[in-house]
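J.: turn this into a model:
(one chain, ligands or ions: 2)
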Amino acid sequence: MITRDQLATLLDRLVEKNKVIAPVSDNRGVVRYTAIRTAGDVAWEFDRAKVPPKSHFLPQTEELYCYDTTGGELRIEPVPAAGRAVVFGVHPCDLRAIAALDPVFDGVFKDVYYLDKRERTVVVGLACKQVLPGCFCRSYGIEPTDGEGADLMLTEVGDRYYAEILTPKGEALVREFPELFSDGGVEEGRRGKEALSRELAGQFQREVDLTGVKEKVDTMFEHPYWQEVARKCIGCGICTYLCPTCHCFDIIENHSGHRGSRLRCWDSCMFTDFTLHTSSHNPRSTKKERVRNRFLHKLSYHNERYGLAGCVGCGRCVAECPVNIDITKIIADIKEVD
Ligand code: SF4
Ligand code: SF4
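T.: Ligands and ions are numbered 1, 2, ... in the order given. Next comes the predicted model:
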């Protein structure tokens, strides 16, 4: 067990030698995972961060390397090696989303940038305290108190946190600060977690039945239904930027004089030029094709490629789409259309 004050002390001690990323609220109240300087920066009462923690492992803009061509010679300057990072406060849906991203970057092609951050990061999970109206993680078999994917899982029980060590990385973190964790009250913590889990199970307002959805959607490539969905979509890309499992990126060059850098930036399959070839051919030239691709990816392709769902039911796209395109309605429609 660990008290809130001790947890704050833990974060303050960790920032001395580690990069610590936690949910932080900006001056407009937008919560995103940001590097903190002190525990005072943490948005302790956050419900769901608008920007998911994928932004640590796959930053919105990431420098891959710099180069210098002074004197006509090319010199590549790799990004300096970084030390341990701790991502604090990751909810169960986002833990599952990290698991869904892992095989993308650790498959036939090894993405050293992602894998390096995964390797040196300790993930501290945090059980949800409430279920939001758009949440449907339960439909994907995720409970709001699940710790799977975390190195250390915390659940707020009364004025303390029940801490579960789940991996050697989590154990090493706890062993480093033994004075901050106590063995007392573990049974009370376990019972408190079970009670919270039961309470949250009763708060879900959305549920989807995924039975047969992949099989059905696989037959719908040419279905006119996608045109119907596309008519509403304005192609803003928010659904993909904020989705914890979306991972498309572009590589660009920032060049000035003899110096420059290669940057990787988030991209979106909802943008017109995402699939634009240099020949000017575009295999997904209409909104219908882009919308269809997004939902096929979420409901079929990711599963087919990696054996894990491409959606974790976090509800961000449901809450943030400016024209209310709702993946839970799409799933229900898919089951109904002929
Ligand atoms: S957030 Fe909504 S409107 Fe924007 S691209 Fe996604 S589905 Fe289309
Ligand atoms: S598709 Fe929507 S609900 Fe599913 S994980 Fe992405 S943002 Fe969350």
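J.: wait, what's in contact with the residue lying closest to residue 57 once chain neighbours are set aside?
T.: Closest residue in space to residue 57, ignoring its immediate chain neighbours: residue 117 at 5.1 Å, by Cβ to Cβ, 6 or more residues apart in numbering. No exception for glycine: its C-beta is placed from N, CA and C like everyone else's. The contact partners of residue 117, taken as Cβ atoms under 8 Å, 6 or more residues apart in numbering, are 56, 57, 85.
J.: what's the ChimeraX syntax to select whichever of those are buried?
T.: A single ChimeraX command selects the buried members of those (16 or more other Cβ atoms under 10 Å):
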select :56,57,85
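J.: so which residue is smack in the middle of this structure?
T.: In the chain, the centroid-proximal residue (Cα atoms, centre = their mean) is residue 244; its distance is 3.0 Å.
J.: angles on the backbone of that residue, please.
T.: phi -70, psi -10 (degrees, to the nearest 10).
J.: and the gap between it and residue 182?
T.: Distance, residue 244 to residue 182, by Cβ to Cβ, to the nearest Å: 33 Å.
J.: chain neighbours aside, what residue packs nearest to residue 307?
T.: Leaving aside its chain neighbours, residue 307 sits nearest to residue 103 (8.0 Å; criterion: Cβ to Cβ, 6+ apart).
J.: can you show me the strands along the stretch 151-300 of the chain?
T.: 152-157, 160-165, 249-256, 259-266 (DSSP state E, counting those that start in this stretch).
J.: the first one pairs with which strands, parallel or anti?
T.: Sheet pairing for strand 152-157, assigned by DSSP bridges, gives strand 121-126 (parallel), strand 160-165 (antiparallel).
J.: ok, back up a step: which strand or helix spans the residue nearest to residue 57?
T.: In this assignment (DSSP states H and E), residue 117 forms part of helix 112-119.
J.: in that helix, what's buried?
T.: Neighbour-count burial for helix 112-119 flags 113, 114, 117, 118 (criterion: 16+ other Cβ under 10 Å).
J.: quickly name whichever of the residues you listed is closest to ligand 1.
T.: residue 114 (24.1 Å; Cβ to the nearest ligand atom).
J.: who touches residue 87 in this structure?
T.: 21, 22, 33, 53, 56, 121, 122, 123, 124.
J.: give the helix, strand or coil label for the fifth one.
T.: In other words, residue 56. helix (DSSP: H, G, I helix; E, B strand; the rest coil).
J.: tell me the domain boundaries of the chain?
T.: Structural domains annotated on the chain: 2-62+69-201, 213-336, as defined by automatic domain parsing.
J.: how about those domains, which one is nearest ligand 2?
T.: domain 213-336 (3.2 Å).
J.: ligand 1 contacts on the stretch 101-250 of the chain?
T.: 233, 234, 235, 236, 237, 238, 239 (Cβ under 6 Å from any ligand atom).
J.: burial of the closest residue to residue 48 other than its chain neighbours, as a residue count?
T.: Spatial nearest neighbour of residue 48, excluding adjacent residues (Cβ to Cβ, 6+ apart): residue 132 at 5.9 Å. Look at residue 132: counted by other Cβ atoms under 10 Å, it has 19 neighbours.
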